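**Q** Generate a structure from the sequence data that follows.
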Amino acid sequence: MRSRAGVSTSATGSPQVATASPRIAVYNGLNKPGENAGLTGNVGGTPPDSTGAIGPNNYVELVNSSIAVYDRSPNLVSRSTLDGFVGQPPGVPLCDPQIQWDPAANRWLLEILYCGSGGQVFLVGWSKTSDPSTLSSAGWCLIAVSTGSQLFDYVKLGHNSNYLIVGGNFYNLPSTFVSAAIAWTALPANGVTTCPTNPTITGTTANPLKNGDGVTSAFTPVPVNTISSATDGYVVSAYDAGGNVTALPTPQSRLAVWHLDSAGVLHQDSDIPVTTYALPNPAPQLNGTNNLLDTLDGRLTQAVGDPVTGIWTQHTVNNLLTGRSVVTWYKITASGSATTLADVGTISDTNDWVFNAAISPRFDAQGAAIEYNRSSLTIYPVIAAQIRLASTPAGQMEPGELVLATSSTFDADGSCNSPSLGFPCRWGDYSGATPDPVQTNVVWGTNEFNTAATTAPAWSDENFALLVAVAPKAPTAVAATAGVDSASVTWTSSTFDPGAPSTSYKLTAYVGASPVATLTVAAAATAATFTGLTDGVTYTFTVIAINAVGPSPESAHSNPVMPLRGAVAQATSPPIPSRPPVLPAPTAPSPPAR
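**A** Coordinates of the predicted model:
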């Protein structure tokens with residue numbers, strides 16, 4: 001939750017969208033505003049806790065007070081306030097929503113937290129079919145789980161093929177940490193559309209739940225959104241660097257891991273050593289000198305993937321050299337209790353603070369996308385993204401960043417400097433990223449930007465689809481052969497991401513250093529004929545491969561060739577003689593014999 005009440009609604013504006021870099025692109029132009037603080041039912045709370053998930057036919061967006069279902073365009077199909085969705089009267093405070101598509105069972109999973117006073121409850125549930133658009137008990141099964149007088153805060157959702165899994169932190173109200181916990185309930189068999197009458201909820205009983213060292217208290221366990229039919233469901237957590245379970249913020253260097261097996265037994269796995277990380281500093285913003293942005297406290301905020309091909313997770317931490325916040329991402333592989341840190345990297349900027357990220361692999365595991373916010377004294381907060389492929393060097397993203405939306409002004413809502421000067425404006429607390437199960441080289445996401453410098457919340461979500469692919473490599477071995485007023489050009493096909501093959505090739509004819517003509521052919525070709533050239537002129541040729549992301553670098557020039565001159569027509573009839581030829585006289589026949 002980590003939320004404080006905001007003020008009433010405010011008007012919102014459209015994002016300022018930048019163009020793509022050469023190495024990352026929006027898929028099919030899918031980059032559109034979603035929920036915002038001014039829509040009906042968004043009661044003015046901040047931050048929005050923006051998240052979303054993509055399925056085969058729909059994108060579902062959740063914020064602290066509403067749920068929206070879109071088609072894949074994404075056009076709005078249905079929408080509801082969260083209290084209306086769960087059958088409660090208007091104004092019931094609900095927060096920390098989570099949504100996931102379960103490809104193994106062809107259904108949607110969700111979690112919602114009651115964040116009011118009195119008896120504490122969180123809800124988990126699933127769609128009865130693959131269609132999430134009926135936003136009521138007719139389309140969804142919802143289970144209310146009572147936690148007595150203790151708040152189960154910052155609930156995270158995950159699953160394996162058999163169980164829905166949640167993790168969170170128990171607090172004695174108003175703010176005394178008690179213990180982290182993990183709980184799970186069996187999912188219905190595939191195709192079952194009836195709701196369970198007496199579901200069993202099983203959870204950890206250790207108080208407090210410990211990290212793998214057996215000494216320190218765990219904090220914010222994050223179940224993995226498993227994108228396969230894996231029977232082991234993993235849970236990851238960063239050792240607390242923010243002072244939530246200790247007296248003071250303390251740098252840490254370990255990730256804790258658990259896994260729930262197919263029989264519903266939870267196992268504590270060995271910790272994963274990582275580079276030391278620390279509590280991040282708040283982020284400044286342009287013209288908002290006294291209004292810093294909350295960058296959270298070093299906890300993991302989401303995890304997506306498969307234990308064999310890779311589980312991806314991230315958190316915002318401090319750059320110990322510059323003091324600016326950065327995002328460190330991890331790729332973890334696992335088999336049973338054996339876990340390995342397969343890759344790690346950092347998203348940073350030479351001028352800006354980077355924070356509030358989400359990362360996801362492609363559905364085919366051939367790459368990943370990370371989206372995040374950036375802000376500093378020189379810019380308003382933006383939403384930006386980067387990608388990597390299986391071929392990208394370890395620890396790196398592909399060159400280039402895509403800015404998806406830019407705030408029109410700084411955040412000045414009622415959470416800023418509250419309860420006293422210096423407290424950062426609430427932002428986040430998280431964003432979302434999930435892989436597309438249909439277009440398997442696309443990752444979808446949701447994050448927030450700001451639209452007005454008012455005390456009323458002015459957040460707005462942006463929903464987007466990222467093509468996790470790069471432009472092809474340059475074609476090679478370009479060769480030319482002269483013809484009559486023409487030249488035949490051949491080349492070796494460029495290498496490309498299997499999810500984004502080349503769609504065409506563009507040939508350019510040069511005279512010296514000057515391009516003089518172009519020719520485009522379909523990608524199946526590795527040869528083409530350039531016609532209409534000038535005889536007696538020397539040409540060279542280059543080839544560029546093009547895919548859905550864009551063009552490759554230009555190839556090296558071919559060998560020089562000069563088109564042949566056309567042959568002049570010549571007469572082929574024999575010459576006419578001056579007079580007829582003289583023929584010999586015929587021989588007279590011999591007289592007959594007597």
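**Q** Can you list the helices and strands that the host helix or strand of residue 466 packs against?
**A** If you go by DSSP states H and E, residue 466 is part of strand 459-467. Packing partners of strand 459-467 (3 or more C-beta pairs under 8 Å, 6 or more residues apart in numbering; DSSP states H and E): strand 25-36, strand 59-63, strand 367-376, strand 379-389, strand 402-406, strand 442-450. C-betas here are computed from N, CA, C, even on glycine.
**Q** possible to save those strands as a markdown table with distance to residue 359, mean neighbour count and mean pLDDT?
**A** Below are those laid out as a markdown table (distance: least, C-beta to C-beta, whole Å; neighbours: other C-beta atoms under 10 Å; pLDDT from 0 to 100):
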| stretch | distance to residue 359 | mean neighbour count | mean pLDDT |
| --- | --- | --- | --- |
| strand 25-36 | 17 | 20 | 94 |
| strand 59-63 | 18 | 28 | 97 |
| strand 367-376 | 4 | 26 | 98 |
| strand 379-389 | 10 | 24 | 97 |
| strand 402-406 | 15 | 22 | 97 |
| strand 442-450 | 9 | 29 | 98 |
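**Q** Those strands into CSV, with extra columns for distance to residue 527?
**A** What follows is the helices and strands packed on strand 459-467, written out as CSV (distance: least, C-beta to C-beta, whole Å):
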stretch, distance to residue 527
strand 25-36, 29
strand 59-63, 43
strand 367-376, 31
strand 379-389, 29
strand 402-406, 35
strand 442-450, 32
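**Q** Residue 537 is nearest to which of these?
**A** strand 25-36 (38.1 Å; C-beta to C-beta).
**Q** Outside of that closest one itself, list whatever touches it.
**A** For strand 25-36, the surrounding residues in contact (C-beta atoms under 8 Å, 6 or more residues apart in numbering) are 12, 14-15, 17, 20, 42, 48, 50, 52, 61, 63, 66, 68, 72-74, 402, 404-405, 439, 442, 444, 446, 451, 459-467, 548-550.
**Q** For ChimeraX, write the selection for the buried entries among those.
**A** Selection of the buried residues among these in ChimeraX, burial being defined by 16 or more other C-beta atoms under 10 Å:
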select :12,15,17,20,42,48,50,52,61,63,66,68,72,74,402,404,405,439,442,444,446,451,459,460,461,462,463,464,465,466,467,548,549,550
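**Q** Any stretches of this protein with poor pLDDT?
**A** Along the chain, the parts satisfying pLDDT under 70 run over 1-23, 42-44, 566-594.
**Q** let's go with 50 and repeat that
**A** 2-22, 567-594 (pLDDT under 50).
**Q** Residue 526 touches residue 494, doesn't it?
**A** No - using C-beta atoms under 8 Å, residue 526 is not in contact with residue 494, being 10.2 Å away.
**Q** I'd like to know how far residue 165 sits from residue 256.
**A** 15 Å (C-beta to C-beta, to the nearest Å).
**Q** Among those two, which residue is more densely surrounded?
**A** The neighbour comparison of residue 165 against residue 256 (other C-beta atoms under 10 Å) goes to residue 165, with 30 against 25.
**Q** Please parse the protein into its domains.
**A** The chain breaks down by automatic domain parsing into domains covering 25-467, 476-546.
**Q** Only alpha carbons, please: show the helix or strand hosting residue 544 as PDB.
**A** Residue 544 belongs to strand 540-546 when assigned by DSSP H and E. The C-alpha coordinates for strand 540-546 follow below in PDB (Å, rounded to 0.1, in the frame of the first residue of the first chain):
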ATOM      1  CA  THR A 540      28.800   0.600 -57.100                       C
ATOM      2  CA  PHE A 541      25.900  -0.800 -55.100                       C
ATOM      3  CA  THR A 542      24.900  -1.100 -51.400                       C
ATOM      4  CA  VAL A 543      22.100  -3.100 -49.700                       C
ATOM      5  CA  ILE A 544      20.100  -2.300 -46.500                       C
ATOM      6  CA  ALA A 545      17.900  -4.900 -44.800                       C
ATOM      7  CA  ILE A 546      14.600  -3.700 -43.300                       C
END
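**Q** where do the strands sit along the stretch 451-594 of the chain?
**A** Using DSSP state E, counting those that start in this stretch, the strands of the stretch 451-594 of the chain run over 459-467, 476-483, 486-492, 504-511, 514-522, 527-531, 540-546.
**Q** and the gap between residue 150 and residue 119?
**A** Taken as C-beta to C-beta, the span from residue 150 to residue 119 is 10 Å.
**Q** Those two: which has the busier surroundings?
**A** Using other C-beta under 10 Å as the criterion, residue 150 and residue 119 rank with residue 150 on top: 16 against 10.
**Q** And for the nearest residue in space to that one that is not next to it in sequence, the neighbour number?
**A** Spatial nearest neighbour of residue 150, chain neighbours left out: residue 170 (4.7 Å); criterion: C-beta to C-beta, 6 or more residues apart in numbering. Neighbourhood size, residue 170 [other C-beta under 10 Å]: 20.
**Q** Now residue 170. Its backbone dihedrals?
**A** phi -80, psi 130 (degrees, to the nearest 10).
**Q** Report the separation between it and residue 215.
**A** From residue 170 to residue 215 the distance is 19 Å (C-beta to C-beta).
**Q** which ones are touching residue 382?
**A** Counting by C-beta under 8 Å, 6+ apart, residue 382 has contacts 373, 374, 375, 403, 404, 405, 406, 407, 449.
**Q** what sits against the first one?
**A** Under the criterion of C-beta under 8 Å, 6+ apart, the contact list for residue 373 reads 283, 293, 354-357, 381-384, 427, 431, 447-449.
**Q** how does it look with 7 Å?
**A** 355, 356, 381, 382, 383, 447 (C-beta atoms under 7 Å, 6 or more residues apart in numbering).
**Q** quick one: it from residue 55, how far?
**A** 26 Å.
**Q** a strand runs through residue 169, doesn't it?
**A** Yes - Residue 169: assigned to a strand according to DSSP: H, G, I helix; E, B strand; the rest coil.
**Q** and it, what are its bridge partners?
**A** residue 153, residue 180 (DSSP bridges).
**Q** And the residue lying closest to residue 97 once chain neighbours are set aside, how far from residue 363?
**A** For residue 97, ignoring the flanking residues on the chain, the nearest one in space by C-beta to C-beta, 6+ apart is residue 62 at 3.9 Å. Per C-beta to C-beta, residue 62 is found 21 Å from residue 363.
**Q** Likewise for residue 212?
**A** 30 Å.
**Q** More neighbours: which of those two?
**A** residue 363 (23 against 20).
**Q** Settle this for me: residue 542 is touching residue 551, isn't it.
**A** No - the criterion here is C-beta atoms under 7 Å, and residue 542 misses it with residue 551 at 11.5 Å.
**Q** Neighbour count for those two, which is higher?
**A** residue 542 (22 against 17).
**Q** Return the residues in contact with the more buried one.
**A** 478, 508, 554, 555, 557.
**Q** same thing but at 10 Å, please
**A** Applying C-beta atoms under 10 Å, 6 or more residues apart in numbering to residue 542 gives the contacts 474-475, 478, 489, 491, 506-510, 515, 518, 553-558.
**Q** related to what we said a few turns ago, run the angle between the strand holding residue 466 and strand 379-389 for me.
**A** 20 degrees (axes from the mean of the first three to the mean of the last three C-alpha atoms, to 10 degrees).
**Q** shared neighbours of residue 526 and residue 494, anything?
**A** With C-beta under 10 Å, 6+ apart, residue 526 and residue 494 have common neighbours 475, 505, 543.
**Q** can you pull the contacts of the second one?
**A** Residue 505 makes contact with 472, 475, 489, 491, 493-494, 519-528, 543-546, 551-552, 555 under the criterion C-beta under 10 Å, 6+ apart.
**Q** Bridged to it, which residues?
**A** Here residue 505, judged by DSSP bridges, has bridge partners residue 521, residue 545.
**Q** Quickly note the distance from residue 446 to residue 81.
**A** Going from residue 446 to residue 81 by C-beta to C-beta gives 18 Å.
**Q** Having no further points to raise, I will conclude here.
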